[in-house]
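1. 3D, please:
(one chain, ligands or ions: 1)
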Amino acid sequence: MRKNSIGIFDSGYGGLTVFKSIIPEMPEYDYIYFGDNARAPYGDHSFETVYRYTLDCVEWLFAQGCSLVILACNTASAKALRSIQQNVLPNKYPNHRVLGVIRPTAEVINQYTKSNKVGVFGTRGTVKSASYQLEINKLYPEIEVLQQSCPMWVPLIENNEHLNPGADYFVQTYLNKLLQNKAGIDCILLACTHYPLIIPKLEAYLPGGITLLSQGDIVAKSLKDYLSRHPEIESGLRRSAGQRFVTSGDAAVFDTLGSLFFGAPIQSEVISL
Ligand code: DGL
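-> Residues are numbered from 1 along each chain as shown. Have a look, this model is predicted:
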């Protein structure tokens, strides 16, 4: 009997930009979205803390009947995914799967650059982990990956200040830092699932000839492909188009702000871990 949902996890709201792209690709499945807003942002937390928080949330989603969980958060994908896949799943949850957003993005990045110079905007944690450099260079050693952390963007976005005039300074600052003395970048990857919201501001300052790349569609297509290659997982998924939103923070705040990320109204439940 089909009984499992797909879990989508983020430190808070960012994964909603990925979930928004997954739904049109695969509307038939049941989903549980979990934002760990009470402990977000994750961007500056240590490896150990991000691992512990992420594992808590993944295990909660498993307990709700999710056999497959997507870490729709670059910071969690960079700092927790490998340990969960290698150390936790084989011993404790051999029939469960956890996937991230870094590998699927690295796999297709070559389609978006002609100069073989790719910029990456991410949280401090993602940049420090160098996960994008490692994953991209494993597949495409010819691509130079130039990173810039943008620690002020998540707070601006989470306070809905990202399109106001005060945000311009921080948009220009990180853009200038990335592009300074690094001629030839023709693609900038937004390697934080919050960042698609700041695209209108970024576009105002972006020099011509540079493409901004968000991950939602890439991750959605990769998930669809994964399910087509793994019938043993797909056959266990319930198909009743259910959507459940859960936060460890405040439901009213989540509903208001989350709907900006999701592009549609949201009604969430609160859980405490
Ligand atoms: N959305 C998360 C990511 O993709 C970052 C937000 C945070 O710092 O918690 O990295």
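
2. for this protein, which helix is longest?
-> Determined from DSSP state H, the single longest helix within the chain is helix 47-63.

3. buried ones in that helix?
-> V50, Y51, Y53, T54, L55, C57, V58, E59, W60, L61, F62 (16 or more other C-beta atoms under 10 Å). Every residue, glycine included, has its C-beta placed from N, CA and C.

4. from the residues you listed, pick the one nearest the ligand.
-> V50 (8.8 Å; C-beta to the nearest ligand atom).

5. how many residues are close by the nearest residue to the closest one once chain neighbours are set aside?
-> Spatial nearest neighbour of V50, excluding adjacent residues (C-beta to C-beta, 6 or more residues apart in numbering): K79 at 4.0 Å. When neighbours are counted by other C-beta atoms under 10 Å, K79 registers 27.

6. again, but for K177
-> If we define neighbours as other C-beta under 10 Å, then K177 has 13 of them.

7. with R238 instead?
-> Counted with other C-beta under 10 Å, R238 comes out at 18.

8. cool, and C187?
-> 22.

9. A204 now?
-> That count, for A204 with other C-beta under 10 Å as the rule, works out to 10.

10. go on, the one 3 residues further on?
-> Neighbourhood size, P207 [other C-beta under 10 Å]: 8.

11. so it makes contact with Q180?
-> No. Taking C-beta atoms under 8 Å as the definition, P207 is not a contact partner of Q180, at 11.9 Å.

12. where does pLDDT dip in the stretch 51-200 of the chain?
-> Along the stretch 51-200 of the chain, the model assigns pLDDT under 70 to no residue.

13. helices along that one, start to end?
-> Ranges of helices within the stretch 51-200 of the chain are 74-79, 81-83, 89-92, 102-108, 124-129, 131-139, 153-158, 167-179, 199-205, based on DSSP state H, counting those that start in this stretch.

14. highest mean neighbour count out of those?
-> helix 74-79 (a mean of 30; mean count of other C-beta atoms under 10 Å).

15. which secondary structure elements does it sit against?
-> When contacts are defined as 3 or more C-beta pairs under 8 Å, 6 or more residues apart in numbering; DSSP states H and E, helix 74-79 sits against helix 47-63, helix 102-108, helix 124-129, helix 131-139.

16. do you know which of those helices lies nearest S83?
-> Among these, the nearest to S83 by C-beta to C-beta is helix 47-63 (5.5 Å).

17. need the pLDDT of the closest residue to V253 other than its chain neighbours.
-> Leaving aside its chain neighbours, V253 sits nearest to N37 (7.6 Å; criterion: C-beta to C-beta, 6+ apart). pLDDT for N37: 96.

18. go ahead and confirm N37 touches D250.
-> Yes. Using C-beta under 8 Å, N37 makes contact with D250 at a distance of 7.3 Å.

19. could you check how far the helix or strand hosting I218 is from the centre of its chain?
-> Secondary structure from DSSP states H and E places I218 in helix 216-229. Here helix 216-229 is found 14 Å from its chain centre; the criterion is C-alpha atoms, centre = their mean, to the nearest Å.

20. which parts of that helix are buried?
-> Result for helix 216-229 [16+ other C-beta under 10 Å]: buried residues G216, D217, I218, V219, A220, S222, L223, Y226, L227.

21. contact partners for the second one?
-> In other words, D217. S21 (C-beta atoms under 8 Å, 6 or more residues apart in numbering).

22. then the first one?
-> Shown in contact with G216 (C-beta under 8 Å, 6+ apart): T17, V18, K20, S21, I22, T193, P196.

23. let me see the backbone angles for the third one.
-> Recorded main-chain torsions at K20 are phi -60, psi -40, according to degrees, to the nearest 10.

24. many thanks, we can stop here.
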